[in-house]
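Participant: Below are the sequence and a predicted model; questions follow.
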Amino acid sequence: MAMTLNWSEIDTVLLDMDGTLLDLAFDRHFWLEHVPESLSRARAITLAEAHQLIAEKYQAVAHTLNWYCLDYWSQELALDIRAMTWEKRSRAALRADTLPFLQALRRAGKRAILLTNAHPYNLEIKLAETGLAAHLDLLLSTHTFGYPKEDQRLWQAVQQHTGFDNARTLFIDDSEPVLDAAHQWGIRWCLGVSNPDSGRPDQTFARYQAVRDYRQLSHTLT
């Protein structure tokens, strides 16, 4: 069920990127298929061994900035993650409902800010492939601030940087722990994304309402 939003009480919309504006299928393929396959070849180990090794390394830094850092993974896995990202860049794709929603936000005079945990190089590649930047008022990578969205210090820094008003801000993300962090900071409107990955079943949220098609929200803006 999508949240009923009172747009007259919302000035700023903070938007995650991967799984929220872009199809998460790119990242799933890259991190859960391409990286293990590359590691298996590089180390002459089985694919199952590569998956196990990577899963343990992912788990060790979950919800920290390193989890999202291409340079960290290049060092940790001895793979050129930047080059691998470039090679797979054509897989980056907008959700079908993203541009209609962003255009509706602009027509309604709402400030749309991208707030992503993606590494700046990853962000640059995806923006070049999708043309997303033209439809947003500001683009922020949490790496610039030194903390991921799961950290309260990030929200303090972003609020100081952008001046958003907690009571008049909507935050949309496909991760419940990230939504928890935004809610803890005091952001009034927090909305999940039930279908972040076109290749996977829908997900459910325990604590937040979620949207499946932003065009449902776009209609309420006009």
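Facilitator: Looks like it came in fine.
Participant: distance of residue 112 from residue 139?
Facilitator: The gap separating residue 112 from residue 139 is 10 Å, by C-beta to C-beta, to the nearest Å. All C-beta atoms are positioned from the backbone trio N, CA, C, and that covers glycine.
Participant: likewise residue 131?
Facilitator: Distance, residue 131 to residue 139, by C-beta to C-beta: 13 Å.
Participant: and those two? which has more neighbours close in?
Facilitator: Neighbour totals were compared for residue 131 and residue 139, and residue 139 leads with 18 against 10 (other C-beta atoms under 10 Å).
Participant: list the contacts for the more buried one?
Facilitator: Contact partners of residue 139, counting by C-beta atoms under 8 Å, 6 or more residues apart in numbering, are 113, 114, 116, 123, 127, 133.
Participant: okay, and the helix or strand of this structure with the least pLDDT?
Facilitator: When the helices and strands of the chain are scored by mean pLDDT, DSSP states H and E, helix 215-221 comes last with a mean of 86.
Participant: Who are the packing partners of it?
Facilitator: In terms of contacts (3 or more C-beta pairs under 8 Å, 6 or more residues apart in numbering; DSSP states H and E), helix 215-221 is packed against helix 98-107.
Participant: And the helix it packs on, what's buried?
Facilitator: By neighbour count with 16 or more other C-beta atoms under 10 Å, helix 98-107 contains the buried residues 98, 99, 100, 101, 102, 104, 105.
Participant: Check stretch 152-161 too.
Facilitator: 154, 155, 157, 158, 159.
Participant: Is it correct that residue 25 is in contact with residue 94?
Facilitator: No: contact between residue 25 and residue 94 fails when scored by C-beta atoms under 8 Å: they sit 11.7 Å apart.
Participant: Helices of this protein, residue ranges please.
Facilitator: Along the chain, the segments classed as helices by DSSP state H run 25-29, 35-43, 47-60, 70-77, 81-87, 98-107, 120-130, 152-162, 176-185, 215-221.
Participant: isn't residue 158 right next to residue 140, touching?
Facilitator: Yes: if you go by C-beta under 8 Å, residue 158 and residue 140 touch, sitting 6.5 Å apart.
Participant: ok, residue 198 to residue 22 distance?
Facilitator: Here residue 198 is placed at a distance of 10 Å from residue 22 (C-beta to C-beta).
Participant: Show me which of the two is the more surrounded one.
Facilitator: The residue with more neighbours, out of residue 198 and residue 22, is residue 22; 24 against 13, by other C-beta under 10 Å.
Participant: ok, the more buried one - contacts?
Facilitator: 92, 93, 94, 95, 98, 126, 130, 132 are the contacts of residue 22 under C-beta under 8 Å, 6+ apart.
Participant: Give me the below-cutoff pLDDT ranges for this structure.
Facilitator: In the predicted model, the chain carries pLDDT under 70 at residues 1-3, 222.
Participant: just to revisit the earlier point, shared neighbours of residue 158 and residue 140, anything?
Facilitator: residue 115.
Participant: buried ones in stretch 7-25?
Facilitator: Neighbour-count burial for stretch 7-25 flags 7, 10, 12-25 (criterion: 16+ other C-beta under 10 Å).
Participant: Endpoint to endpoint, it covers what distance?
Facilitator: Stretch 7-25 has an end-to-end distance of 30 Å (criterion: C-alpha to C-alpha, to the nearest Å).
Participant: How many residues are close by the closest residue to residue 128 other than its chain neighbours?
Facilitator: Leaving out its chain neighbours, the residue that sits closest to residue 128 by C-beta to C-beta, 6 or more residues apart in numbering is residue 89, at 7.6 Å. As a burial measure, residue 89 scores 15 neighbours (other C-beta under 10 Å).
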